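Trainee: Using only what follows, build the 3D model:
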Amino acid sequence: MAAIAITVVYFENLNTTGLHTSQTMSTIPDNTALVFEFNNDDGFYDIFKGNKLFAAVIGKQQVNELDTLRSQVLGNRALQKFFTGQNTFISLHPLKDHTIALLITIAAAKGFKPEVFDKLTGQSNKGVLVTPVNIDGKKGYTIYSGSLKKRFYFINKDRGIFTGSFSKELIGQSARYIPNKDKKQFLKLPDQQNSNSLANLYINYNQLNPLFEALFKNKNTDIFKSFKLLPALAALNLNFKNDALLFTGFSNIERDQPAGYLNLFANQQPVVNQLKDIFPSTTAYSLSFAVSDPKKFKINLSDWHIRAKLQHEKDSIFKKVKTETGISLITEFNQVLSNEFAVITTRYMEKYAIIALTDGPAFKPVLKNISRMTTDEIGQFNYNKLPFFLLGDAFSLFNHPWFMIVDNYLILANSESELKSYSDTYINHKYQSKIQQYSQFNNLVAERSNVAWYINFKNAQSILKRDLGDTFYHDFETNETGWKNFYAASYQLIAADKNFYTSFCMNLNQPDNPE
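Mentor: Prediction:
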């Protein structure tokens, strides 16, 4: 009730002037994957003042720096009336040294004259010194904050739009950036929807690769891999909650770009996600898929292989299986494929594929005939790349896998010992769904989806230590407020009109939970 009351007050006092979102966002360099938008209004800051959630997301130090900058600069009497109520954009940009810097972009209200900044230059006011500079041909200023002992660089981009950063390299990028009018960088929200939103998150999936290259030293990490190959733009609205970040909106596929694997699921209908109930309690991260029409999915997958010029290789492999065993594996598999399948990585770096079948016992003899069996239940495929061609790109991790069938589930792994480990999980019901905080988190996410990515931060810690860049992992591990304070995150794509309704959720650990 308190959250609702605060939000109502916020909307009643919202200053909607200057909501020229498209114009302002077009000045942001296009090497960013994520842009966070909010209104520079006291109502917004009052709602999140002291909120541990935002401090945990971007770090307490960064929050303090941005807050200090806001109070020392935008809080200046000469500037305040021109920037209060204006939409503010914070974007993430990878730099040459494999670090990531924040860029802040804001448009001044009508009537603002940049000469106001000139009046502030040379004056030291409450520990702030403003100095004029020329940055790559753009008139700009440096603001030295005595309390932060740092310089903030900002320039007048054009038509009263200002952009700034603590990174001199990034502000140089911004100064040199010329928008490509023919290139759609972000999915724009209508002004009315924008004005009724507490905050927005814009995502350019095409730019996730450079961002992840900066974040991760392991360039082959499969974390979020499939999303990095999705040609789409997203615009999500923030839903306020004290202990969780909830964003919902749409991801629109760019039809003029080569289709990624996830495109296949836009042609389905949302399905209730049940397979996650048997994921191991040690799950670090997972990627789940659900299809309302398995036959249609297999037809679309076959078309995707043709477009990717993989048909010859695919035909050769399954022809060899047919010649040597007499089994038409694709036909046999398609007859028993149900509507869910997933790839799971555990905290011990085990990898599993779990595939729901309509008749597991009937399919077991088929797999036995194409495998080398070590027990009556466990065997290893005699042929490479079968999971990739049967289910698609996400299953390329299982090149020459081991398998077992339990009830109506086909389980794949890269070693016999991993299968035995999952067998113990299954028999003794050691599932993540049995953990109380997981159940609480699961109540926050959509019941139906077609693609669902999930990460448990504690379980993923050893993997992040191995894969993240050293600086980023150090911050993850040591910051008083940081990512380790979150329990889990989920990113769901839900098919809607051949695009995706999209839901992102991340929640804080509960103090009384031993997890």
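Trainee: Okay, now the unreliable bits of the stretch 151-300 of the chain?
Mentor: By pLDDT under 70, the low-scoring segments of the stretch 151-300 of the chain are 190-196.
Trainee: mind listing the strands for it?
Mentor: For the stretch 151-300 of the chain, the strands defined by DSSP state E, counting those that start in this stretch occupy 161-165, 199-204, 232-239, 244-253, 271-272, 283-290.
Trainee: and of these, who's closest to D497?
Mentor: strand 244-253 (9.2 Å; CB to CB). Glycine gets a C-beta too; all of them are placed from N, C-alpha and C.
Trainee: For the closest one, enumerate the helices and strands it packs against.
Mentor: Strand 244-253 is packed against helix 52-58, strand 199-204, strand 232-239, strand 499-508, with contacts defined by 3 or more CB pairs under 8 Å, 6 or more residues apart in numbering; DSSP states H and E.
Trainee: Among these, which comes closest to T345?
Mentor: strand 499-508 (18.4 Å).
Trainee: In its sheet, which strands sit next to that closest one, and in what direction?
Mentor: strand 244-253 (antiparallel), strand 486-496 (antiparallel) (DSSP bridges).
Trainee: Pick the most buried one from those strands.
Mentor: With neighbours taken as mean count of other CB atoms under 10 Å, the strands paired with strand 499-508 reach their highest mean count in strand 486-496, at a mean of 23.
Trainee: Buried deepest among the strands of the stretch 151-300 of the chain, which one?
Mentor: strand 283-290 (a mean of 25).
Trainee: From T221, how far off is the residue lying closest to K183 once chain neighbours are set aside?
Mentor: Leaving aside its chain neighbours, K183 sits nearest to D30 (7.0 Å; criterion: CB to CB, 6 or more residues apart in numbering). The gap separating D30 from T221 is 24 Å, by CB to CB, to the nearest Å.
Trainee: Next: L508.
Mentor: 25 Å.
Trainee: does Y422 sit in a helix, a strand or a coil?
Mentor: helix (DSSP: H, G, I helix; E, B strand; the rest coil).
Trainee: burial count for the residue nearest to K183?
Mentor: 15 (other CB atoms under 10 Å).
Trainee: Number the residues from 37 up from this point.
Mentor: Happy to do that; since the first residue is 37 now, the last one works out to D66.
Trainee: That one contacts N216, doesn't it?
Mentor: Yes: using CB atoms under 8 Å, D66 is in contact with N216, at 7.3 Å.
Trainee: Tell me who's in contact with G428.
Mentor: Neighbouring residues of G428 by CB atoms under 8 Å, 6 or more residues apart in numbering: Y297, L300, L337, W340.
Trainee: And the furthest pair within the residues you listed?
Mentor: For the contacts of G428, and using CB to CB, no pair is farther apart than Y297 and L337, which are 8.7 Å apart.
Trainee: centre of the chain versus stretch 120-128, how much separation?
Mentor: Centroid separation for stretch 120-128 versus its chain: 21 Å, with CA atoms, centre = their mean, to the nearest Å.
Trainee: I misspoke; the intended subject was stretch 174-191.
Mentor: 31 Å.
Trainee: How about stretch 290-300?
Mentor: 17 Å.
Trainee: Same check on stretch 392-400?
Mentor: With CA atoms, centre = their mean, you get 34 Å for stretch 392-400.
Trainee: The stretch 187-336 of the chain: helices as residue ranges?
Mentor: Using DSSP state H, counting those that start in this stretch, the helices of the stretch 187-336 of the chain run over 204-212, 227-231, 244-251, 261-264, 330-343.
Trainee: Which one, of those helices, ends up nearest to D460?
Mentor: The nearest among these, by CB to CB, is helix 261-264 at 28.3 Å.
Trainee: tell me which strands and helices the closest one is in contact with?
Mentor: Using 3+ CB pairs under 8 Å, 6+ apart: helix 261-264 touches helix 244-251, strand 487-492.
Trainee: buried stuff in the shortest one?
Mentor: Neighbour-count burial for strand 487-492, with 16 or more other CB atoms under 10 Å as criterion, is recorded at V487, A488, W489, Y490, I491, N492.
Trainee: Correct me if wrong: the first one contacts V327.
Mentor: In this case it means V487. No: the criterion here is CB under 8 Å, and V487 misses it with V327 at 10.1 Å.
Trainee: Return the residues in contact with L373.
Mentor: Counting by CB under 8 Å, 6+ apart, L373 has contacts P330, K334, I391, L393, T394.
Trainee: Mutual contacts of V487 and V327, please.
Mentor: Contact criterion CB under 8 Å, 6+ apart; residues shared by V487 and V327: F301.
Trainee: Pull out the buried positions in the helix or strand containing I390.
Mentor: In this structure, I390 sits in strand 387-393 according to DSSP states H and E. For strand 387-393, the neighbour count (16+ other CB under 10 Å) marks K387, Y388, A389, I390, I391, A392, L393 as buried.
Trainee: same check, this time on stretch 255-266
Mentor: T257, D258, I259, F260, K261, S262, F263, K264, L265, L266.
Trainee: Check stretch 505-516 too.
Mentor: In stretch 505-516, the ones that count as buried by 16+ other CB under 10 Å are G505, F508, Y509, D511, F512, N515.
Trainee: Only C-alpha atoms, please: export the strand or helix carrying the third one in PDB.
Mentor: Spelled out, it's Y509. Following DSSP H and E, one finds Y509 within helix 506-514. C-alpha atoms of helix 506-514 as PDB (Å, rounded to 0.1, in the frame of the first residue of the first chain):
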ATOM      1  CA  ASP A 506      39.200  -9.900 -12.600                       C
ATOM      2  CA  THR A 507      38.000  -6.300 -11.800                       C
ATOM      3  CA  PHE A 508      34.400  -7.100 -12.200                       C
ATOM      4  CA  TYR A 509      34.600 -10.300 -10.200                       C
ATOM      5  CA  HIS A 510      36.500  -8.500  -7.400                       C
ATOM      6  CA  ASP A 511      33.600  -6.000  -7.200                       C
ATOM      7  CA  PHE A 512      31.100  -8.800  -7.200                       C
ATOM      8  CA  GLU A 513      32.900 -10.600  -4.400                       C
ATOM      9  CA  THR A 514      34.000  -7.700  -2.100                       C
END
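Trainee: Distance to D429 added to the helices and strands packed on helix 261-264, as a markdown table?
Mentor: Below are these laid out as a markdown table (distance: least, CB to CB, whole Å):
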| stretch | distance to D429 |
| --- | --- |
| helix 244-251 | 15 |
| strand 487-492 | 12 |
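Trainee: one step back: with distance to P437 as extra columns, can I get the buried residues of stretch 255-266 in a markdown table?
Mentor: What follows is the buried residues of stretch 255-266, written out as a markdown table (distance: CB to CB, whole Å):
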| residue | distance to P437 |
| --- | --- |
| T257 | 20 |
| D258 | 15 |
| I259 | 20 |
| F260 | 22 |
| K261 | 18 |
| S262 | 19 |
| F263 | 24 |
| K264 | 24 |
| L265 | 22 |
| L266 | 25 |
